[in-house]
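Chemist: Structure here, sequence nowhere to be found:
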C-alpha cells in the first residue's frame, strides 16, 4: 500500500483578510453609531508607477467598503519635496484624517525618510516612523507595520498567542518586514533568529525553525529541504518571474511545491500574506482613530 504524499495545510490569506475586514467594518459601524466618529485614511501617491496605482486603487476601494472615509492625493512625479511635506502637514492637522500613508517608492529626488518622519506618529498607519519603530522595539503601544502584523495574526490563529518554546527564524532584515517581524515574535516569547542572504549555513539555520518567515526578496530561494518537517512557513516574498514561455507569474521566497511536502502549514503566493497587508492597514486606521479620540480599542487588532 502506497501512503499518500504529505501536503502542508495551506493558510488562506484571502479568507483570513476577508474575515478581518468584516470585523473592522463592524467596529467602524459601532464607532459611528456610538460616538459619531468615522475613521479616515489618506493615501498620497507621487508619480504614476503602475504597481502603485493598482495598490492605491485597491486601498481606496477596501477603505470605503468597511465604511471608512478614503482620501487619495495624487501628485506629479516632479512635485518638489517641500510641496509633499506641506501636504503631509495639512493631513496631520486634519481631524477627519486618522491615518496617513505615503506610497513608496518615492521619486529619486525625494528623501523617503524625511517624508516618513514628517507624518504624525499617531497617524503613521504604515508603522514606519522612528517613534513607532522604537516603541515596538521597547514593548510599548505603537502602530505596527502592516505586513508583519498580518503574519502575526495568522500565526496567532494557528498557534495561539504564546509561542514559548518555539524556535522562529526570520530570513530578511528589512525595516518594513524582517526587523518588526522579529520584534513581534519576541513579544510572543518565541526564541528568534534573524537571518539573511549572507548568513553562514543558512540551510541549517532554517531547518532549526519551528516557524520560518521568509522575507528576503529572492524568488524560490528556500527549497523544501531547508524546512524542518512540520514547521509553519510564512512566505512574505512577492517576486515577479518570467517563465520560459514568456508568461509572467508571482513566486514567493519559498519553493512552494517542495516546501509543501515537508511543512506542517504554509502560506501560498499569491493568496497568502499579500491580502493581509491592506486588511491590516484598515485595522491600523481603526486603532489610530480610537486612540486619537481616547476610545477603547477593538481587541485582537494590535499585538
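Modeler: Everything's here; your move. Values in this document were obtained by computation on a predicted structure and should not be read as measured data. Residues are numbered from 1 along each chain as shown.

Chemist: Point out where this structure drops to low pLDDT.
Modeler: Scanning the chain for pLDDT under 70 picks out 1-4.

Chemist: Please enumerate the helices of it.
Modeler: 13-35, 50-65, 81-93, 112-118, 130-137, 146-159, 178-187, 202-207, 256-260, 274-292 (DSSP state H).

Chemist: Name the stretch among those helices that sits most buried.
Modeler: helix 274-292 (a mean of 24; mean count of other CB atoms under 10 Å). Yep, even glycine has a C-beta here, placed from its N, CA and C like the rest.

Chemist: elements contacting that one?
Modeler: With contacts taken as 3 or more CB pairs under 8 Å, 6 or more residues apart in numbering; DSSP states H and E, helix 274-292 sits against helix 13-35, strand 40-46, helix 50-65, strand 99-102, helix 146-159.

Chemist: list the buried ones in the second one?
Modeler: By 16 or more other CB atoms under 10 Å, the buried positions in strand 40-46 come out as 40, 41, 42, 43, 44, 45, 46.

Chemist: What is the nearest of the residues you listed to residue 34?
Modeler: Distances from residue 34 to the buried residues of strand 40-46, taken as CB to CB, are shortest for residue 40 (17.4 Å).

Chemist: Excluding covalently adjacent residues, which one is nearest to that closest one?
Modeler: What sits nearest to residue 40 in space, not counting adjacent residues and going by CB to CB, 6 or more residues apart in numbering, is residue 69, at 3.7 Å.

Chemist: Let me see the contact set for the one you found.
Modeler: Counting by CB atoms under 8 Å, 6 or more residues apart in numbering, residue 69 touches 38, 39, 40, 41, 63, 96.

Chemist: Farthest-apart pair in these, please.
Modeler: Largest separation among the contacts of residue 69 by CB to CB: 63 and 96, giving 13.1 Å.

Chemist: that older thread, okay, the buried residues of strand 40-46 in a markdown table with distance to residue 225 next?
Modeler: Converted to a markdown table, the buried residues of strand 40-46 look like this (distance: CB to CB, whole Å):
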| residue | distance to residue 225 |
| --- | --- |
| 40 | 49 |
| 41 | 43 |
| 42 | 46 |
| 43 | 42 |
| 44 | 44 |
| 45 | 42 |
| 46 | 43 |
